[in-house]
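1. got a predicted model here, sequence first, then my questions.
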Number of protein chains: 2
Amino acid sequence: MAKRKIKEQPVILITNDDGVTSPGIRSLVEAVRGLGKIVVVAPDKPQSGMGHAITIGVPLRLYPVDIFEGIEAWQCSGTPVDCVKLAVDKVLHRKPDLCLSGINHGSNHSINVIYSGTMSAAVEAAIESIPSVGFSLMDYSMEADFSAARKYARIIVEKLLKDPIDKHLILNVNIPMADEKQIRGMKICRQAYAKYEEDFVERHDPNNRKYYWLTGKFVNFDAGTDTDVWALENHYVSVVPVQFDLTNYSIKSKIEKTWNSHAKKR
Amino acid sequence: MAKRKIKEQPVILITNDDGVTSPGIRSLVEAVRGLGKIVVVAPDKPQSGMGHAITIGVPLRLYPVDIFEGIEAWQCSGTPVDCVKLAVDKVLHRKPDLCLSGINHGSNHSINVIYSGTMSAAVEAAIESIPSVGFSLMDYSMEADFSAARKYARIIVEKLLKDPIDKHLILNVNIPMADEKQIRGMKICRQAYAKYEEDFVERHDPNNRKYYWLTGKFVNFDAGTDTDVWALENHYVSVVPVQFDLTNYSIKSKIEKTWNSHAKKR
């Protein structure tokens, strides 16, 4: 008689871009505790705005940290994308079943997805065929209330563990800054077309040389009611499926007839 | 009688990720010399693999450099994306008509588009409604022969100045490492599905603590003959139109019925 194989619990890799000691990653760990074997590999310092940067000019360090009760955790000297790569190759020695990133202190809706270290970690996981979710709360403060974010993180992770969608799945989840009871549920959205209008702050150092601080004003150009910005303004948790095929197929069709060279016969 | 207005020459912003002193950016400047008013704003040191990183924790420096005969040029302490932002806000005080990035030493085909500082500069420009092109030559060496790359850069820029395609246009142009005469022309492509299989090199420092160098093996999973990888292998210049709307519309339609919450009536 065949023995019934005990189903192994899923392995969940958790990372972020605010660093391993941030309240946001602690909230994410607590939100999904018990849903699988959790392993944390996160930056040893804030890495916001790092986008999909990788570290190629200097080597990386990786040290164990004992800050999440009963959970294996590591801090890495690199970017969020480095963390995912190192976690798979040198910590887990296998692909995890799911990669979670966040919970970010501050929103990653609309164009922010491109600058975000939180989302780039999720994108990197999906490139490596690990379904992933990035979570962000629309509140920058260290005292932010993560309770609604924790609730939805758990709902989403339970959903994905029960019914996996795609090995390249990436979800960009943003949670509005609102009381849990005010939140109207989740809404699947597209990325709003928005940008930052730059306005560098110019200062002078003691030697009278100029330096510049990057600042910018967020401008939403998108009036659609199917966007993440709309959903958040209307107290929904926005969920945008993200992809890493950046091909613009519409422009491709438009120009291929006139731009393609004809292959020379030889 | 109305005076005939003299048509102003187009403003072309040039940046890269290998740094303002690299042979590749010099080749790009020379390739398009005479096609407009050229202004260079590029990193003061190599910034490869920076992806879409921006500098938010430290201020930026910007200094004029006199290295391209008769051409205004600046070096910036930030990332390629910072260079585009600073150029528009503090150097040009207007949007240029075109932004060119490169010529990169090394390919940016397939998944490389996501890690590439060269391409992220181009993407940043397009977010700001500046049509842009990133150029990369499949040769890492400092002695690389840029003559074919220069030829195609000029062809493409002349084409875009004559017939603009879209204010959000981004083209990812890769030039094969081949003699100019062997190149069969341009091919409009999609981004191949490929990835790097990580293989960190583990070493020990003099205190016997481990450190890791990121290395990886490029693996192309895509058998299509419409990809950039195929085009380059077949001696074409690959041209992939790129977009910054990362929404995965196919997964969006697949999950919106089951995932969307119904708005609560109040």
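-> Perfect, thanks for sending it. The model shown is predicted, which means the values in this text are computed figures rather than measured ones. Numbers count the residues shown, from 1 in each chain, chains lettered A, B, ... in the order given.

2. quick check: chain neighbours aside, which residue is closest to the closest residue to chain B within the stretch 51-200 of chain A?
-> Residue of the stretch 51-200 of chain A nearest chain B, by CB to the nearest CB: residue A:185 (2.2 Å). (Glycine included, C-beta is placed from N, CA and C.) If the residues on either side of it in the chain are set aside, residue A:185 comes closest to residue B:261, at 2.2 Å by CB to CB, 6 or more residues apart in numbering or on different chains.

3. which residues touch the one you found?
-> A:184-187, A:236 (CB atoms under 8 Å, 6 or more residues apart in numbering or on different chains).

4. just these: which are in helices?
-> If you go by DSSP state H, those have nothing in helices.

5. circling back to that earlier point, so the residue nearest to residue A:185: helix, strand or coil?
-> With DSSP: H, G, I helix; E, B strand; the rest coil as the basis, residue B:261 sits in coil.

6. ramachandran coordinates for the residue nearest the centre of chain A?
-> Taking CA atoms, centre = their mean as the criterion, residue A:119 is the residue nearest the geometric centre of chain A, at 2.4 Å. Main-chain dihedrals, residue A:119, degrees, to the nearest 10: phi -70, psi -30.

7. do I have it right that it meets residue A:244?
-> No - the pair residue A:119 / residue A:244 is not scored as a contact, 10.9 Å apart, by CB atoms under 8 Å.

8. can you list residues touching both of those two?
-> Counting by CB under 8 Å, 6+ apart, the contacts common to residue A:119 and residue A:244 are residue A:170.

9. the longest helix seen in chain A - contacts with which helices or strands?
-> In chain A, taking DSSP H as the definition, the longest helix is helix A:147-162. Using 3 or more CB pairs under 8 Å, 6 or more residues apart in numbering or on different chains; DSSP states H and E, the elements in contact with helix A:147-162 are helix A:23-32, strand A:98-105, strand A:132-137, strand A:170-175, strand A:186-188, strand A:237-241.

10. partner strands of the shortest one and their direction?
-> In the sheet containing strand A:186-188, its partner strands are strand A:237-241 (parallel), by DSSP bridges.

11. quick one, the strand it pairs with and strand A:132-137 angle?
-> Interaxial angle of strand A:237-241 relative to strand A:132-137 (axes from the mean of the first three to the mean of the last three CA atoms, to 10 degrees): 150 degrees.

12. may I have strand A:237-241 exported as CSV, CA atoms only?
-> C-alpha atoms of strand A:237-241 as CSV (Å, rounded to 0.1, in the frame of the first residue of the first chain):
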residue,chain,number,x,y,z
VAL,A,237,-7.3,48.2,-2.7
SER,A,238,-5.8,48.5,-6.2
VAL,A,239,-4.4,45.3,-7.8
VAL,A,240,-2.5,45.8,-11.1
PRO,A,241,-1.2,42.7,-12.8
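
13. ok, residues contacting it?
-> In contact with strand A:237-241 (CB under 8 Å, 6+ apart) are residues A:109, A:113, A:148, A:152, A:156, A:169-176, A:183, A:185-191, A:228-229, A:231-232, B:246-249, B:251-252, B:255, B:259.

14. in TSV: the helices and strands packed on helix A:147-162, plus mean pLDDT and mean neighbour count.
-> Putting the helices and strands packed on helix A:147-162 into TSV (pLDDT from 0 to 100; neighbours: other CB atoms under 10 Å in any protein chain shown) gives the following:
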stretch	mean pLDDT	mean neighbour count
helix A:23-32	97	22
strand A:98-105	97	30
strand A:132-137	98	29
strand A:170-175	98	29
strand A:186-188	97	23
strand A:237-241	98	27
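
15. can you add distance to residue B:197 and give the contacts of residue B:261 back as CSV?
-> CSV is the format used below for these (distance: CB to CB, whole Å):
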residue, distance to residue B:197
A:184, 43
A:185, 40
A:186, 35
A:187, 37
A:236, 39
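
16. out of these, who's nearest residue A:86?
-> Closest approach between the contacts of residue B:261 and residue A:86, by CB to CB: residue A:186, at 31.7 Å.

17. what's near enough to touch the closest one?
-> Residue A:186 touches A:152, A:155-156, A:236-239, B:259-261, counting by CB under 8 Å, 6+ apart.

18. below-threshold pLDDT in the stretch 101-250 of chain A: ranges please.
-> In the predicted model, the stretch 101-250 of chain A carries no residue with pLDDT under 70.

19. in chain A, which spans are helices?
-> For chain A, the helices defined by DSSP H cover A:23-32, A:80-86, A:112-115, A:117-127, A:147-162, A:228-233, A:249-259.

20. neighbours of the closest residue in space to residue A:26 that isn't next to it in sequence, how many?
-> Using CB to CB, 6+ apart and skipping residues adjacent in sequence, the residue nearest residue A:26 is residue A:68, 7.0 Å away. The local packing of residue A:68 (other CB atoms under 10 Å in any protein chain shown) involves 17 other residues.

21. how about the residues of the stretch 1-150 of chain A near chain B?
-> Within reach of chain B by CB under 8 Å from any CB of the partner chain, the stretch 1-150 of chain A has these residues: A:46, A:48-57, A:59-62, A:78-79, A:81-82, A:85-86, A:88-90, A:111, A:113-115, A:120, A:123, A:127-128.

22. isn't residue A:194 up against residue A:219?
-> Yes - between residue A:194 and residue A:219 there is a contact under CB under 8 Å: 6.2 Å.

23. more crowded one of those two?
-> Relative neighbour count places residue A:194 above the other of residue A:194 and residue A:219, with 18 against 12, counting by other CB under 10 Å.

24. contacting residues for the more buried one?
-> A:110-111, A:218-222, A:229.

25. show me the two of those residues that sit farthest apart.
-> Top of the distance list for the contacts of residue A:194 (CB to CB): A:218 and A:222, 12.0 Å.

26. looking at the two, which is more packed in?
-> Comparing residue A:218 with residue A:222 by other CB under 10 Å, the one with more neighbours is residue A:222, at 17 against 14.

27. phi, psi of that one?
-> Taking degrees, to the nearest 10, you get phi -110, psi 120 for the backbone angles of residue A:222.

28. the nearest residue to residue A:213 once chain neighbours are set aside: how many residues sit nearby?
-> Spatial nearest neighbour of residue A:213, excluding adjacent residues (CB to CB, 6+ apart): residue A:201 at 4.2 Å. As a burial measure, residue A:201 scores 10 neighbours (other CB under 10 Å).

29. and residue A:86, how many residues sit next to it?
-> Neighbour tally, residue A:86, other CB under 10 Å: 25.
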